[in-house]
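>>> pasting a predicted model and its sequence here:
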Amino acid sequence: MAGMRGIVITLAMLAMASPEACRATPAFDRSGWQADHAALKQILAHDYAHLAWVASPQGGVDLPALDASAQRALAEAHTDAQAAQALRTFLAGFHDGHLSLLDPLEQAPSSPAPAAVDPRALGAGAGCALLGVSDEGRHDFSLPLDTLPGYHPLNDVAEPMLRAGTLSLPDGHTIGLLRLHEFDALRYPGVCHALWPQLRQADATAEMRGTVGRSWVAAIAASLRRFQQDGVEAVLVDVGDNPGGDDSGDTLARLFTSQPVASAVLEVSQSAAGKPYLDEQYERLDDALRHHHPNAAARRLLSTQRAAFQASRQAVAMPPCDLSWAWRTQQAWDAAPCRRLVAAGTSGGPLPSPAVDTLDDFLIAHRLDWAQDLRGHWGAWNGPVYVLTNGKTASSAEMFAARMQDNHIARIVGTHSGGYGCGFMSADAPPELPHSHLRVRVPNCVRLRADGSDEVAGITPDLPVIPRSGESARARAQRVVDTLASDIGMH
């Protein structure tokens, strides 16, 4: 009877328990996670633009070993958290800052959209914020160069358009310091705030953003011209901690030299991930040919590039080559039997070249070379340049450093960059894994260096300044300046 009473009590307690307490926890589904791993590899082989580089000895990753390690981790996992970490560790092993797993999308409850607000009716702070101008707190130099003896700001106001100044050295040299904390004009609130009375007269928000963009470039050029006028001997452009931005990482290089600048060869994935960008550029070139009456020289340039983009669009539609070898072996980058990439012009537009510089029709020239927007500021500085990088220099900031280094405009000083390279030339929704519903952020483009390597390898400094144990940031800033002073003296 005692045993029966125990059973009755247990049943009574279960009956009183809440439905939530009785609900069974979903069992760990190892096979589902293994299927996600297989699906992830298929997505990478299909869409990931840097896979052939990562799978090469030059890429520095043993991809078959990394894959085997992920399979072992999944075989040993006992929870969803452990399995998810195995996949995240797998992608982290590619050393590509743009490649990552994103959490599943949650269905948010629908709510009515707030009433539209005209930014022109607001003050500078709120109006600029509504335009998308944000302050993310990276305005200061990545090293405290402005705290060193002999520093003088170019514009000593509370909120300058740009952080810039000169640094007088004990040996008589003077260095111009320019801080670019992001390659996006909408990350420079000082520009927008200074322009606010003018911006309030614009007809549309697109015109307001365009004015901010042009004024940001003009402010950079004005600083460089001021350096030139003041007899500065070299300029240091600080892009440390710069996470990237837009194509200005390429086009701004033309402000630092009077010579033409070679943009990077651009390639995109031979898949649906690369096609939107190819379509966009083809249509822009086709529109210029059909509707803007180009002269004979412009027509030849436009026609040639339109044909090149059409060939790439057709290549995307062709059956792709097999990249599954990447999980089994390494192949030299230059000899890889398959890369699954197609030509997409350059990082500076379909055809940046001296031939475009001679075109009088700005609209047509701009369709071929995006730096034409900056033509009035080309060569604002024409002297020695150094670019300061660190491990958080990424994406478009790496594009800037690479263009400056590959065109022999600047020497790179500091530490190796973050290794992000080209990320996204079109913004399709990230593909989703079937079991976990984790989403995969997959880069779809490649920028090639002058030596043919993939920019995702990162930028190696010409003048390394490696952090020392226990060294303060200010002491390292002084070592950077000392390195420049020595190099200027040698050249």
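Perfect, I can see it now.

>>> which stretches of the stretch 1-150 of the chain form strands?
For the stretch 1-150 of the chain, the strands defined by DSSP state E, counting those that start in this stretch cover 100-102.

>>> show me the shaky parts of it.
1-25, 108, 137-138 (pLDDT under 70).

>>> just the helices in it please.
For the stretch 1-150 of the chain, the helices defined by DSSP state H, counting those that start in this stretch cover 2-16, 19-22, 30-47, 51-54, 63-76, 80-92, 124-131.

>>> how about those in TSV, adding mean neighbour count and distance to L351?
Any C-beta I mention is one placed from the backbone N, CA and C, and that applies to glycine too. Below are the helices of the stretch 1-150 of the chain laid out as TSV (neighbours: other CB atoms under 10 Å; distance: least, CB to CB, whole Å):
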stretch	mean neighbour count	distance to L351
helix 2-16	9	75
helix 19-22	7	63
helix 30-47	18	26
helix 51-54	26	25
helix 63-76	15	35
helix 80-92	17	35
helix 124-131	18	32
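
>>> among those, which comes closest to S263?
helix 51-54 (19.1 Å; CB to CB).

>>> what's that closest one in contact with?
Helix 51-54 is contacted from outside by 44-45, 59, 61, 63, 94-96, 323, 326, 331, 333, 336, 338-341, 446, 453-454, 456-457, using CB atoms under 8 Å, 6 or more residues apart in numbering.

>>> also stretch 63-71?
For stretch 63-71, contacts defined as CB under 8 Å, 6+ apart pick out 34, 37, 41, 54-55, 86-87, 89-90, 93-94, 326-330.

>>> 7 Å instead?
37, 54-55, 86-87, 90, 93, 326-329 (CB atoms under 7 Å, 6 or more residues apart in numbering).

>>> now stretch 120-127
Contacts for stretch 120-127 (CB under 7 Å, 6+ apart): 119, 130, 193, 196, 200.

>>> cutoff 8 Å now
Residues outside stretch 120-127 that contact it (CB under 8 Å, 6+ apart) are 119, 130, 192-193, 196, 199-200, 202, 208.

>>> go on, stretch 134-150?
Applying CB under 8 Å, 6+ apart, the contact partners of stretch 134-150 are 151, 153, 163, 165, 167-170, 177, 179, 181-182, 186-187, 189, 236, 238-242, 388, 390, 392, 473-474, 476-478, 480-481.

>>> can you rerun that using 7 Å?
If you take CB under 7 Å, 6+ apart as the criterion, stretch 134-150 is touched by 151, 163, 165, 167-169, 177, 179, 181-182, 186-187, 189, 238, 240-241, 388, 390, 473-474, 476-478, 480-481.

>>> quick one: terminal-to-terminal distance for that stretch?
Length of stretch 134-150, first residue to last, CA to CA, to the nearest Å: 31 Å.

>>> distance check, L105 against R439.
From L105 over to R439 the distance is 7 Å, taken as CB to CB, to the nearest Å.

>>> neighbour count: these two, which is higher?
Legend: neighbour count by other CB atoms under 10 Å for L105 and R439, higher for R439 (17 against 11).

>>> my guess is that one contacts L102, does it?
Yes. Contact criterion CB atoms under 7 Å: R439 and L102 qualify, at 4.2 Å.

>>> need the overlap of contacts for these two.
Common neighbours of R439 and L102 (CB under 7 Å, 6+ apart) are P430.

>>> ok so, going back, could you identify the most distant pair in the contacts of stretch 120-127?
H193 and A202 (15.2 Å).

>>> helix or strand: which one has L359?
If you go by DSSP states H and E, L359 is not part of any helix or strand.

>>> also the one 5 residues further on?
Element membership for I364, per DSSP H and E: helix 362-368.

>>> packing partners for the helix or strand just after that helix?
Downstream of helix 362-368, the first helix or strand assigned by DSSP H and E is strand 385-389. With contacts defined as 3 or more CB pairs under 7 Å, 6 or more residues apart in numbering; DSSP states H and E, strand 385-389 has these neighbours: strand 234-238, helix 396-406, strand 410-414.

>>> neighbouring contacts of the helix or strand that contains F227?
Assessed by DSSP H and E, F227 sits inside helix 205-229. Helix 205-229 has contacts (CB under 7 Å, 6+ apart) with 119, 131, 133, 154, 161-162, 164, 176, 178, 185-186, 188, 191-192, 195, 198-199, 202, 235, 252, 255, 374, 377, 380-381.

>>> residues of it that come out buried?
Within helix 205-229, the residues that count as buried by 16 or more other CB atoms under 10 Å are 205, 208-209, 211-224, 226-228.

>>> likewise stretch 370-389?
370-374, 377-378, 380-381, 384-389.

>>> now swap in stretch 152-168 and tell me
Within stretch 152-168, the residues that count as buried by 16+ other CB under 10 Å are 154-155, 160-167.

>>> which single one of the residues you listed is nearest to F309?
The closest of the buried residues of stretch 152-168, once distances to F309 are taken by CB to CB, is L162, at 35.9 Å.

>>> what residues are up against the closest one?
Neighbours of L162 in contact, by CB under 7 Å, 6+ apart: 178-179, 219-220, 223.

>>> distance to R468 added to the contacts of stretch 120-127, as a markdown table?
A markdown table is the format used below for these (distance: CB to CB, whole Å):
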| residue | distance to R468 |
| --- | --- |
| P119 | 48 |
| L130 | 45 |
| C192 | 39 |
| H193 | 39 |
| W196 | 45 |
| L199 | 46 |
| R200 | 50 |
| A202 | 50 |
| M208 | 46 |
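
>>> which ones are touching the closest residue to Q34 other than its chain neighbours?
Counting by CB to CB, 6 or more residues apart in numbering, Q34 lies nearest to L74, which is 5.5 Å off, once chain neighbours are set aside. L74 is in contact with 30, 33-34, 37, 83, 86, counting by CB under 7 Å, 6+ apart.

>>> just give me how far the helix or strand where V481 lies sits from the chain centre.
Using DSSP H and E, V481 maps to helix 473-490. The chain centroid and the centroid of helix 473-490 are separated by 28 Å under CA atoms, centre = their mean, to the nearest Å.

>>> noted, bye for now.
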